[in-house]
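>>> The sequence and its predicted three-dimensional model are supplied below.
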Amino acid sequence: MSDDMKVVEAASDDRGRQDWALKSRRYIKRELKQREITYEQLADRLSEMGIQETPGSIAMKVARGLYPAWFFFAVMRAIGSQQMRFEDLG
């Protein structure tokens, strides 16, 4: 594979990742807003689950849309989400 092909493939991969990060970020923000849960309240709920996060660290992770899967699942549990539909990702 030529270097040009590698660059094109890497750029395409980055766009795909950015798209999923955006969907994930929007999903968490929408769920928090619908439930009227602040980052401070989320930090408290995560702490009760044994996960130490500050409101600021949560805000940074959500703003970037880049976080490990465990964080996403922990947030969903902490806010009381019972199920998730991929159609809701937009």
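Yep, that arrived. It should be emphasised that the depicted structure is a prediction, and the values quoted were computed from it without experimental measurement.

>>> helices and strands of the protein: which one bottoms out on pLDDT?
Using mean pLDDT, DSSP states H and E, the weakest-scoring helix or strand in the chain turns out to be helix 3-35, at a mean of 80.

>>> Quick check: mean pLDDT of whichever helix or strand comes after that one?
Sequence order places helix 39-48 as the next helix or strand after helix 3-35, per DSSP states H and E. The average pLDDT within helix 39-48 is 98.

>>> Also stretch 73-90?
pLDDT averaged over stretch 73-90 gives 87.

>>> Buried ones in that stretch, by neighbour count?
A74, V75, M76, A78, I79 (16 or more other CB atoms under 10 Å). In this view, the C-beta of every residue, glycine as well, is placed from N, C-alpha and C.

>>> Apart from its neighbours in sequence, what residue is nearest the second one?
Meaning V75. I28 (5.9 Å; CB to CB, 6 or more residues apart in numbering).

>>> go on, S24?
G65 (5.3 Å).

>>> Can you check the pLDDT for the one you found?
As predicted, G65 sits at a pLDDT of 90.

>>> List the residues that contact it.
By CB atoms under 8 Å, 6 or more residues apart in numbering, G65 lies in contact with A21, L22, K23, S24, R25.

>>> Now it. Its backbone dihedrals?
phi 70, psi 10 (degrees, to the nearest 10).

>>> Provide a list of residues in contact with A78.
L42, R45, L46, E48, M49 are the contacts of A78 under CB under 8 Å, 6+ apart.

>>> circling back: can you put the buried residues of stretch 73-90 in JSON lines and add distance to T54 and secondary structure?
Putting these into JSON lines (distance: CB to CB, whole Å; DSSP: H, G, I helix; E, B strand; the rest coil) gives the following:
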{"residue": "A74", "distance to T54": "15", "secondary structure": "helix"}
{"residue": "V75", "distance to T54": "14", "secondary structure": "helix"}
{"residue": "M76", "distance to T54": "19", "secondary structure": "helix"}
{"residue": "A78", "distance to T54": "14", "secondary structure": "helix"}
{"residue": "I79", "distance to T54": "17", "secondary structure": "coil"}
